[in-house]
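Trainee: Here is the input, now give the coordinates:
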Amino acid sequence: MVWLTWRQHRVALLIGVLLLAFYAFILLGRNYDAYSFQYEVVMLLPLLVAVFVGAPLVSRERGQKTHYVAWLQGTSRTRWLVIKLALLVAGVLVLATALAFIENVLQDMIVGDGPFEIWSRYLVTGPVVVGLMLFGLMLGVLVGSLTRRSILAMALTFVLCTTCIIVFSNEYQYLVPPHVEYMEYHGNGYWGQQGELVTYAGFADRQGQETGDIHSYCDWHDSASNGNVNKCIRDLNLQWKTVYQTEDNY
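Mentor: The predicted model follows:
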């Protein structure tokens, strides 16, 4: 089983190694434009692993009926699946760890020791990179096991994995409940400190409902203010609300 799994996936492993080497070369040459390029790669690689490695793992075998060959040789379906998954997880884990190492080392070379906003690097942080790669692999295996057809499994995996990555990249700041702070507004509000990720800093009513754009809110709720925002704030008894993640939650 080990030899067979290696024979089936050695090309994918080689392609992954070459892509990592190429990525390191490109990233090193982009200097301070590397941020957006990093995010594109980190979001793309889990998708490639999910579609081209995870989805066909079971669906291709079942679609071609080749899994019966292994089972008839005295290998149980549990052992067959566990060995395949263990080897693929190990390979993806090694590649993901290498990618995370490249991200951190090259980013340190690009940024140096100067101050930076740590949350801007969250999506390319080691544990997140490794987690996304493993998630993509297991999502593909799950979809392939349920559909049993390679093309269908790859298409569904592409849609599901893309959706999950987009949602995660936009909502990760709520994985841990954020801190919420209220204060009376006296001409200036709290916008967070260095190391904090502020998701909302603005006005809210006494029930905590966020106003969003204060001008639109006042025009809608306090027509008597006639565009005077300060009068609207006093009339509606608004307060300043800040929603943020602390540096400790990083």
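Trainee: lowest confidence element among the helices and strands of the protein?
Mentor: helix 67-72 (a mean of 62; mean pLDDT, DSSP states H and E).
Trainee: Could you give me the buried positions within the next helix or strand after it?
Mentor: Following helix 67-72 in sequence order, the next helix or strand is helix 77-111 (DSSP states H and E). Of the residues in helix 77-111, 80-81, 83-85, 87-88, 91-92, 95-96, 98-100, 102-103, 106-107, 110 count as buried by neighbour count, 16 or more other Cβ atoms under 10 Å. Where you see a C-beta, it was placed from the backbone N, CA and C, and this is true even at glycine.
Trainee: Same question for stretch 232-239.
Mentor: Within stretch 232-239, the residues that count as buried by 16+ other Cβ under 10 Å are 232-233, 236, 238-239.
Trainee: Which of those residues fall within helices?
Mentor: 232-233, 236 (DSSP state H).
Trainee: which among those residues gets closest to Ala153?
Mentor: Nearest to Ala153 among those, counting by Cβ to Cβ, is Leu236 at 54.0 Å.
Trainee: Now for the closest one: which residues touch it?
Mentor: Counting by Cβ atoms under 8 Å, 6 or more residues apart in numbering, Leu236 makes contact with 205, 218, 221-222.
Trainee: How about the contacts made by the residue in the chain sticking out farthest from the centre?
Mentor: In the chain, Ala224 marks the outermost C-alpha relative to the chain mean, sitting 45.6 Å out by Cα atoms, centre = their mean. For Ala224, the contact set (Cβ under 8 Å, 6+ apart) comprises Asp235.
Trainee: taking the mean pLDDT, what do you get for the helix or strand hosting Gly136?
Mentor: Secondary-structure assignment from DSSP H and E places Gly136 in helix 126-147. Mean pLDDT, helix 126-147: 90.
Trainee: how much does it deviate in direction from helix 77-111?
Mentor: For helix 126-147 against helix 77-111, the angle by axes from the mean of the first three to the mean of the last three Cα atoms, to 10 degrees is 150 degrees.
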